[in-house]
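Asks: give me a model of this one.
(2 chains)
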Protein chains: 2
Amino acid sequence: MAKTIIIGSIGLDDVKTPFGDMKAILGGSAVYASYASSFFTNVGIVSIAGEDFPEEYKNLLTNKNIDMSGIEFKGKTFRWSGEYEYDMNEAKTLNTELNSITEFSANLPESYKNAEYILLGNIDPELQLKVIEQLSQPKLIAMDTMNFWIESKKEHLIEVIKKVDLLLINDGEARLLFETVNLLDAGNKALNLGPKYVIIKKGEHGALLFTQTTHFSAPGYPLEVLKDPTGCGDSFAGGLIGWLAKTDDISEPNLRKAIIYGSTIASFNAEDFSLERQKTLNMEEINKRFQEFEKMREF
Amino acid sequence: MAKTIIIGSIGLDDVKTPFGDMKAILGGSAVYASYASSFFTNVGIVSIAGEDFPEEYKNLLTNKNIDMSGIEFKGKTFRWSGEYEYDMNEAKTLNTELNSITEFSANLPESYKNAEYILLGNIDPELQLKVIEQLSQPKLIAMDTMNFWIESKKEHLIEVIKKVDLLLINDGEARLLFETVNLLDAGNKALNLGPKYVIIKKGEHGALLFTQTTHFSAPGYPLEVLKDPTGCGDSFAGGLIGWLAKTDDISEPNLRKAIIYGSTIASFNAEDFSLERQKTLNMEEINKRFQEFEKMREF
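Replies: Have a look, this model is predicted:
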């Protein structure tokens, strides 16, 4: 099985939604993405956490065979607190304590350098570039980003986009970065920078995959219960790269399947806070929901 | 072939978008819907227009074999003027002159009363009810509505919903009417009122079909050129009912196909102002785009 690594944040989150008010729960892009990925493949995290990072959360990750040798432990863990309003569309950030994340070096352990499937989660594009430079034989490099980097480090971000195979970006960010309201236009502009694949995430409306010659529209899953959307984008990306690594097939038709597996894990993730739903999730449930995705788009 | 009738407005529109500023162009829900429907079936309009309604526009409709015997001509034609901002998401209404539409009686000609496929376009729910009462053997009654009636005549509107087979409503209106942000919840609440089918339209994000036991997610078509979205919802509804009437099959699987045909016509409609694009549209183009819809959702 191909070696997969995921670069991103590890955090302790305070999250308030209409369904609850949780304190210091496990979060961070690398956590959500690696957990989602672990349903399909062995995965290693590249990140930093504090010395205060709870043993319970470490165990949660190691119990899923997630390789933690790429995690530095220093000072205090990154903290984020956010709130979702009634429509659950977007988190309002209430507070951020960067803590040890400011010291994140993004140095890969030797055992990670020959990784084949790489997810560059949402971190400083300069660190994303640094990770790329350490890789000896990548088969697929995927990257995610966010508004903050588009606004503060656009040039570095463009440089990373030019070096990756797959760009993941949400619709609002795509419009912002490529200065267009038309998502097809944004997708084409992204492809022209170099990536073979561009995926525009649309939250409850699903996701769009663009290549130079094809276009795929993945439906959103209609959730009865949506308790906390935190980490859904990361779970989507993690599930997607996990499926690609498991099958070791980066063809466009298999990427479509990977998008549906990613959407499946993300839809479960939203059903509860933190990793609560993913903790009890099994392959039977995943495959059942994958089949529901198939049925809901047949015509 | 089953007889199809469409109830709605006929208007002369002033429309401004980033792509042009048009005056007194042909519009109205009955016009867009009947034109879209005419690609598949013979259709009759129930509406009112003014004595000032241009001959050129009458000819446009009669050339597509659209039955105009249900149109009254009185006074001045309904006028609407609206503007779309850069994101083209929603029209800002600049001015409305109701003119003769206030005298619309919604009386069906004798030859319409045995219609089998009926689309109650967006008009006063009391008139929609009046139309239903005149029907002798409907096979399928579909209805559309808008915010204005949800806010001003909610009780009448609910009464109409209880009597129809298919409710068409956009996402914002569904959330408003059923007091929920969750579209699955809104769909279920709508179904509980009586309709067998509920379709929630999501603009560029496609449409959702809900029944008591199934769920279908239709993709949006990624348009390169979007000049004027006016009438897209009506074209969608018209294309849909036209396909159902042509095939005389109101099963759920055929309704899925009807939604894609409706989406196809609507996507063409947005490519130019008024009926400009539909005027030159042919079945070969329609079928080609239908196939593109198929390809973009395969996984």
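Asks: residues contacting the closest residue to chain B within the stretch 1-150 of chain A?
Replies: Closest residue of the stretch 1-150 of chain A to chain B, C-beta to the nearest C-beta: A:Asp87 (4.7 Å). Using the backbone N, CA and C atoms, a C-beta is placed for each residue, glycine as well. A:Asp87 is in contact with B:Val181, counting by C-beta atoms under 8 Å, 6 or more residues apart in numbering or on different chains.
Asks: over to it. Which of the three states is it?
Replies: coil (DSSP: H, G, I helix; E, B strand; the rest coil).
Asks: just want the phi and psi numbers for it.
Replies: Dihedral pair for A:Asp87: phi -80, psi -10, per degrees, to the nearest 10.
Asks: and the gap between it and B:Gly203?
Replies: Using C-beta to C-beta, to the nearest Å, A:Asp87 is found at 17 Å from B:Gly203.
Asks: quick one: neighbours of A:Glu252, just the number.
Replies: 13 (other C-beta atoms under 10 Å in any protein chain shown).
Asks: next up, the contacts around it.
Replies: A:Tyr197, A:Leu209, A:Thr211, A:Thr214, A:Phe216.
Asks: which pLDDT value goes with the closest residue to the fourth one other than its chain neighbours?
Replies: Which is A:Thr214. Nearest in space to A:Thr214, with sequence neighbours left out and distances taken as C-beta to C-beta, 6 or more residues apart in numbering or on different chains, is A:Glu252 at 6.0 Å. Model confidence at A:Glu252, expressed as pLDDT, equals 98.
Asks: cool, and A:Glu85?
Replies: 85.
Asks: excluding sequence neighbours, find me the nearest residue to it.
Replies: According to C-beta to C-beta, 6+ apart, the nearest residue to A:Glu85 is A:Lys92 (7.1 Å).
Asks: quick check: the residue lying closest to A:Lys163 once chain neighbours are set aside vs A:Val164, distance?
Replies: Take A:Lys163 and drop its neighbours on the chain: the residue closest to it by C-beta to C-beta, 6+ apart is A:Ile132, 5.5 Å away. According to C-beta to C-beta, A:Ile132 stands 8 Å off from A:Val164.
Asks: now for the helix or strand containing A:Tyr32, which elements pack on it?
Replies: Remark: A:Tyr32 resides in helix A:29-37, with elements defined by DSSP states H and E. Using 3 or more C-beta pairs under 8 Å, 6 or more residues apart in numbering or on different chains; DSSP states H and E, the elements in contact with helix A:29-37 are strand A:4-7, strand A:43-49, helix A:55-62, helix A:232-247, helix A:252-269.
Asks: recalculate using a threshold of 6 Å.
Replies: strand A:4-7, strand A:43-49, helix A:232-247 (3 or more C-beta pairs under 6 Å, 6 or more residues apart in numbering or on different chains; DSSP states H and E).
Asks: out of the ones you listed, which one sits most buried?
Replies: strand A:4-7 (a mean of 30; mean count of other C-beta atoms under 10 Å in any protein chain shown).
Asks: who does that one pair up with?
Replies: strand A:43-49 (parallel), strand A:117-120 (parallel) (DSSP bridges).
Asks: give me the nearest residue to the most centrally placed residue in chain A, chain neighbours excluded.
Replies: Chain A has A:Asp234 as the residue nearest its centroid, 2.4 Å off, counting by C-alpha atoms, centre = their mean. The spatial neighbour of A:Asp234 that comes closest, neighbours along the chain excluded (C-beta to C-beta, 6+ apart), is A:Tyr32 at 3.7 Å.
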